[in-house]
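**Q** Below is the structure, and that's it, no one-letter string:
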Ligand SMILES: Cc1cc2nc3c(=O)[nH]c(=O)nc-3n(C[C@H](O)[C@H](O)[C@H](O)COP(=O)(O)OP(=O)(O)OC[C@H]3O[C@@H](n4cnc5c(N)ncnc54)[C@H](O)[C@@H]3O)c2cc1C
Ligand code: SF4
């Protein structure tokens, strides 16, 4: 006898179930199909082309009314099922009951709405079905501004569609880069660049606080205080499995409706399929696994053996011109290696993640032609050891091609483009080599290859090596690290000239060979970016050495040293009492006076750091940055206040300088001193910058050192007033910040550029001096702050101060 099958939800998953059932045994079931939407099944994933105007709704319908009618399916479209009674085996629709022998729940997902104030105002919509799409099309017809909350797949497709329809669109994304679940930072950067190029504004790390408006949405307020005008707000921040009916029917429900491998719920006659289910802890948001589930469910309903298994998934974005692909797991790991290829000129990035000679993840942007091939390698767990060297070049380079990259370059045809920026092909370079251009400089001069962004430098060098053989001497300049061919100097220059303002931009545009740099280049690049773009670039704590991340020096036993700032070496009884109280309260075993005229509390436990900082803050004491590549101390002598030899107020000037410079980040640590007369009690002539006060004013000395190397300062200039001294020292600090290689102290950097050059910049050229001092001040408007206060207050960061052991010992002064 024909059994009664009731299906709740006429979406993409149940559509497939019905097709498989009817194909296998058209007479097995008498089907009743409920759908809350007033229509049957359409290709939901093609709503984005409908929104952008590339398709019509009619073109995406998969099952028309006639199709259902021809197959004898009873359709109850536009009717919600409100209840399931598993005992009576009946579902209750808005318009009446229907009994079943077998029931399929295929209710999909509901969009998640962030419950911020104003989320329910007219003009705020989600993106799930045709009605939402039509509402967006209608809103876009009036023009105006749209704010899309959510920079994932759906949000970006909505944004692109609305932009296509003429709206001014801003995408807000909570995380640091777009589509962070599918893309790494590098691919996210390229995607953002492409979206911005088409006029969409993208704001990352943007948290929505409220949607403003009386009668309807008018604006979106961010946590940062910024307000964005909005005629339409689209929330695309995620989905939740639609489980209410199952929960009410007392089926097992976790995040989704729990099913076994036959798609059966905890009740034997009730099955579930699609986005509403949870299988083995997995939820689903793409159609590929739902189609597998649909086949399994159809077999289960026909008593055929089959079992659902979770497979790897690949993602693509349906925004014309944004060509991206991601598959597998691309998280970094100790047992994992990356193979990275970048072509900055063409906006291409490819990253393969290898673990134990297997490809486990792939992320690609700009050229995704080989995506399916890589996806196949991931799914099949193919051993890639043999083709590892040439894997990134795709299937065309496999199967007999040599695994040697030099051979791969040798095999390139003469017309293969080597330098994308200047359009130089292999043939031009080899001809130049044959005509006598036998090093990189000569190739750059004669062909311009690698003279712009420089990312093809490696290829050009390989061509030189292939063509000249033993006659080629590799260049001497050392790259920053193995992630790049560029030297520090190149990177600094290119960050400025190409206006690169994020790490992702540096990795991509300068052709880094790793996905996110390494422990050597990341701190340097982080420093270069914050020094050059103080307002635009946000400091990345993960790219800092451990002491700078912890805001304290880690000692060899895993405890920390805490050094409060003492401006110009001056303190007060109150400050000393606060230090003594803190030492008692936190059982500090050692209290030591440092060479930089302050007090070091040694042996503080990690978990006590926020507490001790908070106590010291209450007494007005702030971080002494004794751990930073930045201003440490300004040592002073007593000067005219107390010394009969004093010529100027050296203590006062030292305090002013320290208050002016504190918090600034520099390529390496920066120590200053001010002595009140040439007797030089503050030892100013072995500091990075030292001031010797004389009767007629202030001598400013630079480039001293008294560490592993000992070096006396050289005289930079002499000025008459304190104001001039402060301006010259600000300009000196800034020119060092803007030009030196990371981890070069001033004396090392001066040995490279020469003191005479610095003099021309800040002694002879008064306008330039003022401009440098102004840029220093601009940077200080961001960085002149106490990190202890920020961290002591922030409860969420307290956990990071757990004890650590055996880490680097960095001298505190
Ligand atoms: C704009 C957009 C773009 C997408 N792009 C892609 C893509 O490129 N690639 C990809 O793989 N996936 C994409 N997806 C996801 C894909 O569409 C879903 O994974 C798929 O549609 C889920 O199928 P489903 O049958 O589980 O749910 P749905 O297709 O959502 O169907 C569920 C149906 O159940 C109905 N329903 C719910 N509750 C009840 C009730 N109580 N009574 C009656 N009916 C009810 C709903 O009205 C709905 O029609 C996209 C989704 C959207 C919205
Ligand atoms: S440097 Fe000169 S002014 Fe300063 S304490 Fe020594 S002698 Fe006195």
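**A** Received, thanks. None of the values given here were measured: they were computed from a predicted structure. Numbering: from 1, shown residues only. Ligands and ions are numbered 1, 2, ... in the order given.

**Q** OK, contacts around residue 179?
**A** For residue 179, the contact set (C-beta atoms under 8 Å, 6 or more residues apart in numbering) comprises 151, 152, 153, 156, 188, 191, 317, 324. Heads up, the C-betas are built off the backbone N, CA and C, glycines and all.

**Q** Which ones among the residues you listed lie within helices?
**A** Counting by DSSP state H, the contacts of residue 179 place 153, 156, 188, 191 in helices.

**Q** can you put the contacts of residue 179 in JSON lines and add neighbour count, distance to residue 768 and pLDDT?
**A** Compiled in JSON lines, the contacts of residue 179 are given as follows (neighbours: other C-beta atoms under 10 Å; distance: C-beta to C-beta, whole Å; pLDDT from 0 to 100):
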{"residue": "151", "neighbour count": "28", "distance to residue 768": "41", "pLDDT": "94"}
{"residue": "152", "neighbour count": "21", "distance to residue 768": "47", "pLDDT": "91"}
{"residue": "153", "neighbour count": "22", "distance to residue 768": "49", "pLDDT": "89"}
{"residue": "156", "neighbour count": "28", "distance to residue 768": "44", "pLDDT": "94"}
{"residue": "188", "neighbour count": "26", "distance to residue 768": "38", "pLDDT": "91"}
{"residue": "191", "neighbour count": "27", "distance to residue 768": "39", "pLDDT": "92"}
{"residue": "317", "neighbour count": "23", "distance to residue 768": "47", "pLDDT": "76"}
{"residue": "324", "neighbour count": "25", "distance to residue 768": "44", "pLDDT": "87"}
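
**Q** Let me know the closest of these to ligand 1.
**A** Closest to ligand 1 out of the contacts of residue 179 is residue 153 (6.4 Å), distances taken as C-beta to the nearest ligand atom.

**Q** And the closest residue in space to the closest one that isn't next to it in sequence, how far from residue 187?
**A** Spatial nearest neighbour of residue 153, excluding adjacent residues (C-beta to C-beta, 6 or more residues apart in numbering): residue 317 at 6.1 Å. Residue 317 sits 11 Å away from residue 187, going by C-beta to C-beta, to the nearest Å.

**Q** How is the residue of the stretch 401-550 of the chain found nearest ligand 1 assigned, secondary-structure-wise?
**A** Closest to ligand 1 within the stretch 401-550 of the chain is residue 504: 24.3 Å, counting by C-beta to the nearest ligand atom. With DSSP: H, G, I helix; E, B strand; the rest coil as the basis, residue 504 sits in helix.

**Q** hey, what's in contact with both of residue 317 and residue 187?
**A** Common neighbours of residue 317 and residue 187 (criterion: C-beta under 8 Å, 6+ apart): residue 324.

**Q** And the pLDDT for whichever residue of the stretch 1-150 of the chain sits closest to ligand 2?
**A** Closest residue of the stretch 1-150 of the chain to ligand 2, C-beta to the nearest ligand atom: residue 116 (60.2 Å). Residue 116 carries a pLDDT value of 95.

**Q** What strand or helix carries it?
**A** Using DSSP states H and E, residue 116 sits within no helix or strand.

**Q** returning to that earlier point: who's in contact with the nearest residue to the residue of the stretch 401-550 of the chain closest to ligand 1 once chain neighbours are set aside?
**A** Nearest in space to residue 504, with sequence neighbours left out and distances taken as C-beta to C-beta, 6+ apart, is residue 189 at 3.3 Å. By C-beta under 8 Å, 6+ apart, the contact list for residue 189 reads 177, 502, 504, 505, 507, 508.

**Q** now these in a markdown table, with distance to ligand 2?
**A** Formatted as a markdown table, the contacts of residue 189 follow (distance: C-beta to the nearest ligand atom, whole Å):
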| residue | distance to ligand 2 |
| --- | --- |
| 177 | 54 |
| 502 | 47 |
| 504 | 50 |
| 505 | 48 |
| 507 | 50 |
| 508 | 53 |
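
**Q** most surrounded residue in these?
**A** When neighbours are taken as other C-beta atoms under 10 Å, the top entry among the contacts of residue 189 is residue 507 (29 neighbours).

**Q** measure the nearest residue in space to residue 710 that is not next to it in sequence to residue 693 for me?
**A** With C-beta to C-beta, 6+ apart as the criterion, residue 710 has its nearest non-adjacent residue at 7.0 Å, and that residue is residue 686. Using C-beta to C-beta, residue 686 is found at 17 Å from residue 693.

**Q** So which of those two has more stuff around it?
**A** The residue with more neighbours, out of residue 686 and residue 693, is residue 693; 27 against 20, by other C-beta under 10 Å.

**Q** What is the nearest of the contacts of residue 179 to residue 664?
**A** Nearest to residue 664 out of the contacts of residue 179 is residue 188 (C-beta to C-beta; 30.4 Å).

**Q** ok, back up a step: I'd assumed residue 156 was in contact with the residue nearest to residue 153.
**A** Yes - using C-beta atoms under 8 Å, residue 317 is in contact with residue 156, at 6.3 Å.

**Q** between the two, what contacts are shared?
**A** Common neighbours of residue 317 and residue 156, counting by C-beta under 8 Å, 6+ apart, are 179, 191.

**Q** quick revisit: residues touching the residue nearest to residue 153, list them.
**A** Residue 317 sits next to 153, 156, 157, 179, 191, 324 when contact means C-beta under 8 Å, 6+ apart.

**Q** Ligand 2: which of those residues is nearest?
**A** The closest of the contacts of residue 317, once distances to ligand 2 are taken by C-beta to the nearest ligand atom, is residue 191, at 59.7 Å.

**Q** isn't that closest one right up against residue 178?
**A** Yes - contact criterion C-beta under 8 Å: residue 191 and residue 178 qualify, at 5.2 Å.

**Q** overlap in contacts of the two?
**A** Common neighbours of residue 191 and residue 178 (C-beta under 8 Å, 6+ apart) are residue 156.

**Q** Please compute how far stretch 91-109 lies from its chain's middle.
**A** Put simply, stretch 91-109 sits 45 Å off its chain's centre (C-alpha atoms, centre = their mean, to the nearest Å).

**Q** What are the buried residues along that stretch?
**A** Neighbour counts using 16 or more other C-beta atoms under 10 Å place 91-93, 98, 100, 102-109 of stretch 91-109 among the buried residues.

**Q** how close does residue 139 sit to residue 116?
**A** Residue 139 is 20 Å from residue 116, by C-beta to C-beta.

**Q** For the residue nearest to residue 255 when sequence neighbours are not counted, give me its contacts.
**A** In space, and not counting its chain neighbours, residue 255 is closest to residue 278: 5.4 Å by C-beta to C-beta, 6+ apart. When contacts are counted by C-beta under 8 Å, 6+ apart, residue 278 touches 241, 253, 254, 255, 256, 257, 258, 259.

**Q** and if you look at residue 19?
**A** residue 294.

**Q** quick check, it in a strand?
**A** No - using three-state DSSP, the assignment for residue 19 is helix, not a strand.

**Q** Find me the pLDDT at it, would you?
**A** We have a pLDDT of 93 for residue 19.

**Q** got it, and residue 437?
**A** Here, the pLDDT recorded for residue 437 equals 86.

**Q** is it true that residue 648 touches residue 698?
**A** Yes - using C-beta under 8 Å, residue 648 is in contact with residue 698, at 6.9 Å.

**Q** and stretch 76-83, which residues are buried?
**A** Buried positions in stretch 76-83, judged by neighbour count with 16+ other C-beta under 10 Å: 76, 80, 81.

**Q** doesn't the first one fall inside a strand?
**A** Read it as residue 76. Yes - assessed by three-state DSSP, residue 76 belongs to a strand.

**Q** list the contacts for the residue nearest to it when sequence neighbours are not counted?
**A** Take residue 76 and drop its neighbours on the chain: the residue closest to it by C-beta to C-beta, 6+ apart is residue 34, 4.8 Å away. Neighbouring residues of residue 34 by C-beta under 8 Å, 6+ apart: 6, 7, 8, 9, 10, 76, 77, 79, 80, 81, 91, 93.

**Q** How about residue 182?
**A** Contact analysis of residue 182 by C-beta under 8 Å, 6+ apart lists 152, 153, 315, 324, 326.
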